[in-house]
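Visitor: need a 3D model of the following:
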Amino acid sequence: MDERVILHCDLNNFFASVASIGHPELREVPMAVCGSIEERHGIVLANNYPAKAAGIKTAMTVVEALRLCPRLICVKPDYRAYMEYSRKVQEIYACYTDQIEPFGIDECWLDVTGSERLFGDGQEIAHRLRGEVKRNFDLTISVGVSFCKVMAKLGSDMKKPDAVTAIEKADLPTKVWPLPVGDLFGIGRHTREKLCDLGIYTIGQLANTDPNVLKTKFGKIGLQMWQFANGKEVSPVRKWGECDPPKSVSRSTTCKEDLTNARQVRQVLVGLTEQVSADLRRHGFYAGKISLYFRDKNLAWCSRQSTLDLPTRLVKPMVDTAMALLEENWSGIPLRSVGMGASNLIPQTSPIQTGLFFDFADLERKERLEAKVDELRDKMGRDTITRASQLLDPLHVKLGSSFGHIQF
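Guide: This next block holds a predicted model:
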């Protein structure tokens, strides 16, 4: 076929909807999925439609949300359930195509170009998927049907919940171009403000702007925005399970109590770095650069990086590098949250230049040891084996949940 048929499927109010499975009464009252106030993650992560109608918004503090809507029901997030339902829904998608590209936990692009002879046109397939997801899991999806990924995503955003919206090339001038420029995929608040400064308020104005002007102002991103606005996006939908190698790996945590000295910060960094180290081994990479981020009790952020003399994924050298960055950049104001990351990733199969008297036997011994620790924790739980340094101070009990991020 000359033209692709792309779907973008978006699970509506996913976190809140999963919380309502088995509890239909929660759909009829204001309800929000909220972080733990005790762990100082006390913000609204997701909310249902009655909560939206009451003025509750994501990222609002729980205290503020309850003040605005005293009858708001707050439920804890269940990330294991979210992952499980996301996987189950993707298995339904896989009955129609093997080209399924997740975008976060609740959204997917599907290329159904080759499936139309079996299941009908794009809109018919979209309605089939919508019905099957609702029937099997009591969840709803909004589906955009279009000729490229960007327009399919725009379509799924145009009508919610439980809806199908089609955008054809002929619809661009009437259906797409009058929309605010911020509705276009990839245009965030800061970019939208810069575009408005140029007098570009709608997608149509962006589409009809000289691309050279956009390139001068925004670089390659300017040309990309122009292509998106004109429906000229041609990136393929990946095969299900296919992804690029990671570009960086990071972990961060908000502590239950402020950290007041370097020993406490190191203890937190050891726990975070162990997780980053395990991720690096899982994906087969060494870190060439280490990043440290921290936020003090006044919510002031600091982020610093350091290039390693020798790429590694061992915990101690990564922690030592992060601590050196801390010593150089921390004023001593108690810290609320800490994070560390690994970037400039090097495949473990790549040759690495070392010194003439480098002790490879010692390196291999440490690598085997940390890999065995990963194996034990994967099989029997994270608390199966713990470093002695993590038990020297009761601080380890006070740490909040850590959040990981792998950038591809």
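Visitor: residue 171 in helix, strand or coil?
Guide: For residue 171, the assignment made with DSSP: H, G, I helix; E, B strand; the rest coil gives helix.
Visitor: same check, this time on residue 238
Guide: Relying on three-state DSSP, one would call residue 238 coil.
Visitor: quick thing: my sequence starts at 333, can you match it?
Guide: Happy to do that; since the first residue is 333 now, the last one works out to residue 570.
Visitor: tell me the contacts of the nearest residue to it once chain neighbours are set aside?
Guide: Once flanking residues are discounted, residue 570 sits nearest to residue 433: 4.3 Å by Cβ to Cβ, 6 or more residues apart in numbering. Any C-beta I mention is one placed from the backbone N, CA and C, and that applies to glycine too. Neighbouring residues of residue 433 by Cβ atoms under 8 Å, 6 or more residues apart in numbering: 440-442, 569-570, 572.
Visitor: paired strands for the helix or strand residue 433 falls within, with orientation please.
Guide: Residue 433 belongs to strand 432-434 when elements are defined using DSSP states H and E. Strand pairing for strand 432-434, using DSSP bridges, gives strand 439-443 (antiparallel).
Visitor: pull out the buried positions in the helix or strand following the partner strand.
Guide: Going down the chain from strand 439-443, the next helix or strand is helix 448-451, by DSSP H and E. Neighbour-count burial for helix 448-451 flags no residue at all (criterion: 16 or more other Cβ atoms under 10 Å).
Visitor: report the buried residues of the helix or strand following helix 448-451.
Guide: Using DSSP H and E, the helix or strand that directly follows helix 448-451 along the chain is helix 454-469. By neighbour count on 16+ other Cβ under 10 Å, the buried set for helix 454-469 is 454, 457-458, 460-462, 464-465, 469.
Visitor: show me where the stretch 483-632 of the chain has strands.
Guide: Along the stretch 483-632 of the chain, counting by DSSP state E, counting those that start in this stretch, strands occupy 496-498, 580-591, 617-628.
Visitor: what about the residue nearest to residue 590 when sequence neighbours are not counted, how many neighbours?
Guide: Counting by Cβ to Cβ, 6+ apart, residue 590 lies nearest to residue 666, which is 3.6 Å off, once chain neighbours are set aside. Residues contacting residue 666 under the criterion other Cβ atoms under 10 Å number 14.
Visitor: now do the contacts for residue 666.
Guide: Residue 666 touches 590-592, 628-629, counting by Cβ under 8 Å, 6+ apart.
Visitor: with adjacent residues omitted, what lies nearest to residue 577?
Guide: In space, residue 577 comes closest to residue 615 once its chain neighbours are excluded; the distance is 6.8 Å by Cβ to Cβ, 6+ apart.
Visitor: ok, that neighbour to residue 642 distance?
Guide: Distance, residue 615 to residue 642, using Cβ to Cβ, to the nearest Å: 19 Å.
Visitor: higher neighbour count, those two?
Guide: Neighbour count, other Cβ under 10 Å: between residue 615 and residue 642, residue 615 has more, with 16 against 13.
Visitor: you'd agree that one is up against residue 579?
Guide: No - using Cβ atoms under 8 Å, residue 615 is not in contact with residue 579, being 10.7 Å away.
Visitor: any idea of the angle the helix or strand residue 648 falls within forms with strand 617-628?
Guide: Per DSSP H and E, residue 648 falls inside helix 647-661. Angle between the axes of helix 647-661 and strand 617-628 is 40 degrees (criterion: axes from the mean of the first three to the mean of the last three Cα atoms, to 10 degrees).
Visitor: may I have the helix or strand following helix 647-661 exported as PDB, CA atoms only?
Guide: Where DSSP H and E defines the elements, the next helix or strand beyond helix 647-661 is strand 667-675. Written as PDB, here are the backbone C-alpha positions of strand 667-675 (Å, rounded to 0.1, in the frame of the first residue of the first chain):
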ATOM      1  CA  LEU A 667      19.300  17.400  51.400                       C
ATOM      2  CA  ARG A 668      15.700  16.300  50.600                       C
ATOM      3  CA  SER A 669      16.400  14.100  47.600                       C
ATOM      4  CA  VAL A 670      19.400  12.600  45.800                       C
ATOM      5  CA  GLY A 671      20.000  10.900  42.500                       C
ATOM      6  CA  MET A 672      22.800   9.500  40.400                       C
ATOM      7  CA  GLY A 673      23.100   8.400  36.800                       C
ATOM      8  CA  ALA A 674      25.400   6.700  34.300                       C
ATOM      9  CA  SER A 675      25.800   8.000  30.800                       C
END
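Visitor: how far away is residue 385 from residue 410?
Guide: Applying Cβ to Cβ to residue 385 and residue 410 gives a distance of 24 Å.
Visitor: quick revisit: distance from the chain centre to the helix holding residue 648, please.
Guide: Computed by Cα atoms, centre = their mean, to the nearest Å, the chain-centroid distance of helix 647-661 equals 26 Å.
Visitor: I figured residue 536 hits residue 510, correct?
Guide: Yes - the criterion here is Cβ under 8 Å, and residue 536 meets it with residue 510 at 6.3 Å.
Visitor: what about the two, which has more around it?
Guide: Between residue 536 and residue 510, counted using other Cβ under 10 Å, residue 536 has the larger neighbour count: 19 against 11.
Visitor: show me the protein divided up by domain.
Guide: 333-499, 502-571, 580-739 (automatic domain parsing).
Visitor: and those domains, which is most packed in?
Guide: Counting by mean count of other Cβ atoms under 10 Å, domain 333-499 has the highest mean neighbour count of those, with a mean of 18.
Visitor: state the mean pLDDT of that one.
Guide: Across domain 333-499, pLDDT averages out at 92.
Visitor: excluding chain neighbours, what is closest to residue 420?
Guide: Leaving out its chain neighbours, the residue that sits closest to residue 420 by Cβ to Cβ, 6+ apart is residue 469, at 6.5 Å.
Visitor: which residues touch that neighbour?
Guide: Counting by Cβ under 8 Å, 6+ apart, residue 469 makes contact with 353, 417, 420-421.
Visitor: which members of those residues occur in strands, if any?
Guide: Nothing among the contacts of residue 469 maps onto strands, per DSSP state E.
Visitor: surely residue 383 meets residue 407?
Guide: No - contact criterion Cβ under 8 Å: residue 383 and residue 407 do not qualify, at 11.2 Å.
Visitor: anything in contact with each of these two?
Guide: Common contacts of residue 383 and residue 407 (Cβ under 8 Å, 6+ apart): 363-364.
Visitor: that'll do, ta.
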